[in-house]
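**Q** heads up, no residue letters with this:
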């Protein structure tokens, strides 16, 4: 990508995420012109589209005017319209780079992207200097701000004009030293469905980290018209949607159908709007039920969707909506087992009570334990591979439900031959209530998630450990 015949490139600095840009300036006898911010060219040069919503200009009469060091809960794109400045940045974010310093001299040909939580300051080197900056949120009295003293000895910024001779506000002179600054925490992650099997696994994984919030339907109503203002969404980075209507058979009833569409489609739509508007990452959990199960090979992420029942239809619709969010991870899984009632605990209970079940033997897939899904989600959010759909199930040889039932009986010390294999059609024929159609092949291809460096655990190994921990 070129601007006025010159490439536009970003240069990383010692502060992670702080990037310098050379802005080609086109001049003639009349003066000069530059593109201070051009979304397409900046993103092509590697800068994320940070979604500016406001443009500010600070005009400074005299050389030596010094402002900062201020860290706000938003990103900035700073530059100079007229004059020249000495700029200094100090990383005030929580983490190993806390206290890192970078300085640079800026004139109209330079610009710098300043990530949220990095303290920003400057000193004018010429009179009549106009300093400009784009920000991606509006100022708010309820937002969290952090400040550092311009004369902090640890940062030891070498100001060209001594601070004793500079024009500085009383507030900026009174800011605390680095040792007294509370590090700026990362943006928050909101986990929805906190009481569900996956929600509990995510809570076990992340614990009570201060930047992780957990919410149930009671805490946050996705159907509420007040949802857009229910949180200060700019303080968040990620929403993990672990909430869903998962009563597959009940979804075939009129009441269940409405509930499934409300949770799995309307709820996802509300989240997608918020994530898109505020530049958040949306993690959405999908299902093998989006396929009809007729494929003879494992399903890849790009396989056409063809759900059989209402539940699968709502999950497929939810996937399509989640995919419209610029920053999204759709985690597609199958045969989920976690804390609470599930197929494995049901089979173990039947074995212990002396009941010999009939279990279908023509549906094939892999068990997926919620601990592995939670770990996979954290991996995606930590490593940030390309956005899109990622299959995530247990590894190992695919099995049938009858195979798993027999394995549960054997691992709990019971005769696996007590499990009678039956076809899906025969099982449906004996059902007394609504039964949703299910895919016969639920095996998902794991190549893409494994290419990111994450390989889920072997399903049978997880099953053994799960039963031993009961």
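**A** Perfect, I can see it now. For clarity, every value in this text was computed on a predicted model and none was experimentally measured.
**Q** separation between residue 370 and residue 127?
**A** 63 Å (Cβ to Cβ, to the nearest Å). All C-beta atoms are positioned from the backbone trio N, CA, C, and that covers glycine.
**Q** Mind checking which of these two has more residues around it?
**A** Higher neighbour count among residue 370 and residue 127: residue 370, with 24 against 13, using other Cβ atoms under 10 Å.
**Q** Let me see the contact set for that one.
**A** Residues touching residue 370, when contacts are defined by Cβ atoms under 8 Å, 6 or more residues apart in numbering, comprise 197-198, 200-201, 336-339.
**Q** make it 6 Å
**A** 197-198, 201, 338 (Cβ atoms under 6 Å, 6 or more residues apart in numbering).
**Q** can you tell me which of these lies nearest to residue 132?
**A** residue 198 (45.3 Å; Cβ to Cβ).
**Q** Could you verify my assumption that that closest one touches residue 243?
**A** No - at 9.0 Å, residue 198 does not count as touching residue 243 under the criterion of Cβ atoms under 6 Å.
**Q** hey, what's in contact with both of these two?
**A** Applying Cβ under 6 Å, 6+ apart, one finds that no residue jointly contacts residue 198 and residue 243.
**Q** can you pull out the strands in the stretch 301-450 of the chain?
**A** 328-333, 336-337, 358-360, 364-365, 368-369, 388-391, 399-400, 420-422 (DSSP state E, counting those that start in this stretch).
**Q** So which of these is the most surrounded?
**A** Among the strands of the stretch 301-450 of the chain, ranked by average contacts under mean count of other Cβ atoms under 10 Å, first place goes to strand 368-369 (a mean of 27).
**Q** List the strands paired with it, with their directions.
**A** Partner strands and pairing direction for strand 368-369 (DSSP bridges) are strand 336-337 (parallel).
**Q** Averaged pLDDT, the strand it pairs with. What do you get?
**A** Per-region confidence: strand 336-337 scores 96 on mean pLDDT.
**Q** Centre of the chain to it, how far?
**A** With Cα atoms, centre = their mean, to the nearest Å as the basis, the distance from the averaged C-alpha position of strand 336-337 to the chain average is 22 Å.
**Q** Just the residues contacting that strand, thanks.
**A** For strand 336-337, contacts defined as Cβ under 6 Å, 6+ apart pick out 344, 367-369.
**Q** With the flanking residues excluded, which residue is spatially nearest to residue 279?
**A** Among residues not flanking residue 279 along the chain, residue 51 sits closest, at 4.9 Å (Cβ to Cβ, 6 or more residues apart in numbering).
**Q** no wait, residue 147
**A** Using Cβ to Cβ, 6+ apart and skipping the chain neighbours, the partner closest in space to residue 147 is residue 175 (4.1 Å).
**Q** which residues touch that neighbour?
**A** Each residue near residue 175 by Cβ under 6 Å, 6+ apart is listed here: 147-149.
**Q** Can you tell me which of those is closest to residue 448?
**A** Proximity to residue 448 was ranked across the contacts of residue 175 by Cβ to Cβ; first place goes to residue 148, at 42.9 Å.
**Q** Relative to residue 113, how far out is the closest one?
**A** If you measure residue 148 against residue 113 using Cβ to Cβ, the figure is 20 Å.
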